[in-house]
Every structure is written in structure tokens, then in C-alpha cells.
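> When you get a sec, could you give me coordinates for this:
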Amino acid sequence: MTDTDAILDNARYLRNVRPIDPEEIYEYVDGQPHPAVVRETLRDHAFELGIREREDGTFVPVEDGTITPRLDGVERFPEAYARRLEDLLVERYGPGWPKGDSGAGLRERIDRLKEAYFADEAVTYDEDTALAYAIYHLPDYYAAIQYALDEVGRAGLLGRRLRVLEVGAGTGGPALGVHDYLPEETLVEYDAVEPSAAADILEAMLEETRPGFSTTVHRDRAESFTPDGEYDLIVFGNVLSELDDPVSVAERYLEYLADDGTLVALSPAEERTATRLRNIERDLLTRREDATVYAPTVRLWPEEAPEDRGWTFARQSDLEPPAFQSRLDRAAVDGNDDGLAAGDGTYLNTDVQYAYLLVRTDGKRAIEYTPDADEVAKMAEMESHVTDRIDLDALKLSPNLAEEGNPLFKISDGSEAVDHYAVLTRESALNESLLRAPYGTLLHFENVLVLWNDDEEAYNLVVDAETVVDRLS
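Numbering: from 1, shown residues only. Okay, the predicted model is just below:
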């Protein structure tokens, strides 16, 4: 039996003296275990020891301070992960998995998943349904979590040693996204909670993670799992809106968030789930006075809270279609029961659209800004400004929502009781920031025209040639 304690004691002594070399440590341990055994022991206890493995095979202490990730966008689902998923499909159905009965069964399950989603019905995940879910959703969830996490990453709020808890981890899209977003020198202890058959796929996909990214899958329900200690990140990837009592679950897990940690919640961009996430957000902040929205729906005005519909979502560049989706799509039979043509794109899911929420308990916000009531109007008082031209500070909280005609964007200052939209009727060099600013940007509108839209029961803020729009963040 390996003397693990002796290996760890030697590592603790050497970590502040020189790089820890398994080829050296084994000589000091009774029974002289093989250096490969020593290496695996050090990997298994890397987070506890605060060490990371270098390319030369030695281990060194993880530096103090925060990380500086560089996210330039997500273009594709990595090939290594795609191959691992295909391995699972081949193991289950054989090398011809996209064709014949197996392919038809997977496409049927994807169809049922879509139908259940739009009908707001629960889904029971057996192995086949979990694989269908992975085919359709691994890539977009992989991308979405990185964009959301970058809100805190680029602000320098992620340390070099991170404890992460993901509740409802599914088949692994968010976990793999977190793994690839974090620099390799980051030391991570990742606990994933997933009670369904998706956990088998999750465990297989996590085999592709690097040393220093230690993972444990807990096959428990979100409502019953008891975390061990505090976490720097608590992730709910497209799961909160599916729970019977999501606010209570989120409130309970906040108890396990480190003082400088972040709760990250994602949901699909569709109106029902996205607005449900905002309702969860608002109820959670009512229950927890110490909870603050870090992003994206920052409350600009003190003591104010939004009461509008809350449908806000981000849209990023499409992903390249992964090979496993393309194969399944091309194998669809012309004239099948759904009337689908082979390769018509039904089983490709390359859109990256999502709603998200970042909550902290240390009071930090992505945008630390309070408008001046003497200088700008407040959305809570917009009724008194109809047909007037006003100045306004507001967040841009949507992509262009107009399918044709004038570009249209949801905006918010956190005080609104109904929806507000900025309508760009005449673009100029003075107002182009409205069109080009990223999601979540704080904008200053000067001389914008306020109108009431009876059809939408919302306010339209008309941005024309007389309007100036500047970026404040």
C-alpha cells in the first residue's frame, strides 16, 4: 500500500524549497513506490497542496493573486471533446450511429426534447435521451458559460485556486467551458451535481480535463445535496428555471458561496425561461439583503428595482457545426414522419443565445455608477416625459431585436416598471454607440425622444439625427 501521507509530507517540505520531482520523492518513501504512483498522488492532492504540474513533470506552488483570462470569442466545440462524445455514441450504437434505427431514435429524442421545452414539460433522462441532449446542447452550453464567466474574469475577480460547484451539471457543457476558459496554471477543484443518466456522459467527458482540474461527480438532486465548505463559483447551467422552487434552492446555495465568490446562472434566451430567470433574480434579492446583481441587470438607481417583463438576453457569434451534429443531420431520411429533408439543419444547434445572472454578496457590481437625478431622467418616471426629449443613462440589454426596419434594443436603468426600447431611426457618428456597443454596456443618451407604444405597452426612446449616444462603460 502506498504511504500517501509520506508523499504529501515530502511535498509540503519541498514546495517552498525547489520544484517537486516525483523521481526524487519516491526515494524518501517507505517501499519506494514507483515515480508514476507518486505523480498520480501529487495530482490527486494538488489543490490541497497548492501545487501545479509543469511540462517537465515537476510540481511548483501556485502563485498568489488573480488570473487574467483572454476570451476572444468561441468559434467551435473542441475536437477532443467531439471525439469523446462520438466514442460514447459508437460504444452505444456502433460506428453507424447516425444512420438507421439508432440515428432515427436520436433525432426523435431531440424532437421530443424541443417539444417538451416549448410545452414547459419535465423530461426524464435515460441513457439515450442524455446522449441526444449532449449531441444538441453540449456545444452551445460550452460557449455560453465562457461568455458569462468572462464578466468576472476580465475584472480580475477569479483567483488562481478556485473551488467550483456546478448544480445540475447535465452532460458537461458548462464544466468543459469553465475548464477551457481558465488558464492552465489555474488550480481547480470542481464538484458537479447531477442525479440523472447524464452523469455517466458527464464523467466520460470530464476525463478530457487536464491535471490540476480535479473533478468529482455527485449523483444527488440539487435540493438534497449538501456542499462541503465554500466555493468561489457556484454554477447553475440552465437548471434553475426547471426546479419546483428555484428561489429557495438558489438562496440555500448562497450560504456556501465564499465572501468574494460569484453565483452564475444561465438559461435559454427564449422568453419563458429568460423572464423566469429574472423573476428568480428579483425574488432572491428580496430574500437576501446581502445579495447584489453583479451583471448584467445592474440597478443604477439606489433603492430602485425593476418590475418590467425582464426579457433580456445576449447573442454571440454562431459556432461552427460540430461533426457529430452534421452527421446526424445529413443522415435524416427524405420524406420521414416529420417531413424533413436530409441535411436541412434541423439537428444543428450553432446559435449562442442565452440569458445569464451573476450574483455576489460583497456588494461589487460590474458597473459602479449612480446617475445624477439633476442631469438625467429616471425610467420609473418616464410617463411624465412622453413626447419630450430627455437625457438618460441606461444599460444596453439585448442584441438588435428587429427582424427588419429600424434597429431596436432593450435598455434598462433598473427602475423601470414596463419595458423600454431604444429605436435607432437615423444612424450617425454621434449615436453609433447604440448599434455597436456590446451587450451590458452603460450608455448615455442625450436629446432622445420619448414615445409610448400602445401595441407593445412599452416606451420607445427614439434615437435620431438629433440624439447623441456615448459609452460610459
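> how about the spatially closest residue to Leu158 that is not a sequence neighbour, what does it touch?
The shortest distance from Leu158 to any non-neighbouring residue, by Cβ to Cβ, 6 or more residues apart in numbering, is to Ile67 (5.3 Å). (Each C-beta comes from the backbone N, C-alpha and C, glycine too.) Contacts for Ile67 were tallied using Cβ atoms under 8 Å, 6 or more residues apart in numbering; they are 153, 158-160, 182-183, 185-186.
> remind me, longest helix of the protein?
Of all the segments of type helix in the chain, defined by DSSP state H, the longest one is helix 127-153.
> next SSE after that helix?
Downstream of helix 127-153, the next assigned helix or strand under DSSP states H and E is strand 161-167.
> elements contacting whichever helix or strand comes after that next one?
Next along the chain after strand 161-167, taking DSSP H and E as the criterion, comes helix 173-181. Judged by 3 or more Cβ pairs under 8 Å, 6 or more residues apart in numbering; DSSP states H and E, helix 173-181 is in contact with helix 127-153, strand 161-167, strand 187-193, helix 198-206, strand 231-237.
> rerun at 7 Å
In terms of contacts (3 or more Cβ pairs under 7 Å, 6 or more residues apart in numbering; DSSP states H and E), helix 173-181 is packed against helix 127-153, strand 161-167, strand 231-237.
> Nearest to His45, out of the ones you listed?
Nearest to His45 among the helices and strands packed on helix 173-181 is strand 161-167 (13.3 Å), distances taken as Cβ to Cβ.
> The closest residue to Glu151 other than its chain neighbours: what's it in contact with?
Closest residue to Glu151 apart from its sequence neighbours, by Cβ to Cβ, 6+ apart: Ala295 at 4.7 Å. The neighbourhood of Ala295, defined by Cβ atoms under 7 Å, 6 or more residues apart in numbering, consists of 151, 358, 366, 440.
> Of those, keep whichever come out buried.
Buried members of the contacts of Ala295, scored by 16 or more other Cβ atoms under 10 Å, are 151, 358, 366, 440.
> Surely the first one and Lys364 touch.
Put plainly, it is Glu151. No. If you go by Cβ atoms under 7 Å, Glu151 and Lys364 don't touch, sitting 11.1 Å apart.
> who touches both of those two?
Joint contacts of Glu151 and Lys364 (Cβ under 7 Å, 6+ apart) are Tyr294.
> where are the low-confidence patches of this protein?
Low-confidence segments of the chain, defined by pLDDT under 70: 1-2, 333-342.
> Any idea which residue is closest to the centre of it?
Ile145 (2.4 Å; Cα atoms, centre = their mean).
> coming back round to it: quick one, the longest helix of the chain and helix 173-181 angle?
Angle of helix 127-153 versus helix 173-181, following axes from the mean of the first three to the mean of the last three Cα atoms, to 10 degrees, is 40 degrees.
> before we move on, the earlier item: the buried ones among the contacts of Ala295 in strands, which ones?
Leu358 (DSSP state E).
> ok, so of the buried ones among the contacts of Ala295, who is nearest Asp374?
The closest of the buried ones among the contacts of Ala295, once distances to Asp374 are taken by Cβ to Cβ, is Ala366, at 25.2 Å.
> Spatially nearest residue to the closest one (excluding sequence neighbours)?
Ala295 (3.9 Å).
> before we move on, what about Phe213?
Leaving aside its sequence neighbours, Phe213 sits nearest to Val188 (Cβ to Cβ, 6+ apart; 4.7 Å).
> what pairs with the one you found across the strands?
Going by DSSP bridges, Val188 is paired in beta bridges with Leu162, Phe213.
> wouldn't it be in contact with Tyr181 here?
No. Contact criterion Cβ under 7 Å: Val188 and Tyr181 do not qualify, at 10.7 Å.
> For the contacts of Ala295, give me JSON lines that also has distance to Glu194.
Shown next, in JSON lines, are the contacts of Ala295 (distance: Cβ to Cβ, whole Å):
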{"residue": "Glu151", "distance to Glu194": "25"}
{"residue": "Leu358", "distance to Glu194": "22"}
{"residue": "Ala366", "distance to Glu194": "29"}
{"residue": "Gly440", "distance to Glu194": "30"}
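> Widest-spaced pair of the contacts of Ile67?
Most distant of those, by Cβ to Cβ, are Gly153 and Glu185, 13.9 Å apart.
> So which of these two has more stuff around it?
Neighbour count, other Cβ atoms under 10 Å: between Gly153 and Glu185, Gly153 has more, with 21 against 13.
> ok, that one to Ile145 distance?
Distance of Gly153 to Ile145, given as Cβ to Cβ, to the nearest Å: 11 Å.
> Could you do Thr361 as well?
Thr361 is 21 Å from Ile145, by Cβ to Cβ.
> what's the span of stretch 185-205, first residue to last?
With Cα to Cα, to the nearest Å as the measure, stretch 185-205 spans 21 Å from end to end.
> hang on, I meant stretch 283-297
Terminal residues of stretch 283-297 are spaced 14 Å apart (Cα to Cα).
> wait, is Leu328 part of a helix?
Yes. Counting by DSSP: H, G, I helix; E, B strand; the rest coil, one finds Leu328 located in a helix.
> re earlier: return the member of the contacts of Ala295 nearest to Ala116.
Ranked by distance to Ala116 (Cβ to Cβ), the contacts of Ala295 are led by Leu358 at 28.2 Å.
> who's that closest one bridged to?
Beta-bridge partners of Leu358, counted by DSSP bridges, are Val264, Ala295.
> Can you give me every residue that contacts it?
With contacts defined as Cβ under 7 Å, 6+ apart, Leu358 is in contact with 151-152, 262, 264, 294-295.
> Rebuild those residues as CSV, extending it with distance to Asp391.
Formatted as CSV, the contacts of Leu358 follow (distance: Cβ to Cβ, whole Å):
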residue, distance to Asp391
Glu151, 27
Val152, 31
Thr262, 33
Val264, 34
Tyr294, 26
Ala295, 24
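> Which of the residues you listed sits closest to Ala192?
For the contacts of Leu358, the nearest to Ala192 is Val264 (13.9 Å; Cβ to Cβ).
> Surely that closest one and Glu151 touch.
No. With contacts counted by Cβ under 7 Å, Val264 stays clear of Glu151, the gap being 8.8 Å.
> How about Ile201, nearest residue that isn't a chain neighbour?
Distances taken as Cβ to Cβ, 6+ apart place Thr171 nearest to Ile201, at 4.4 Å, with adjacent residues excluded.
> Next: Leu8.
Sequence neighbours aside, His45 is the residue nearest to Leu8 in space, at 5.9 Å (criterion: Cβ to Cβ, 6+ apart).
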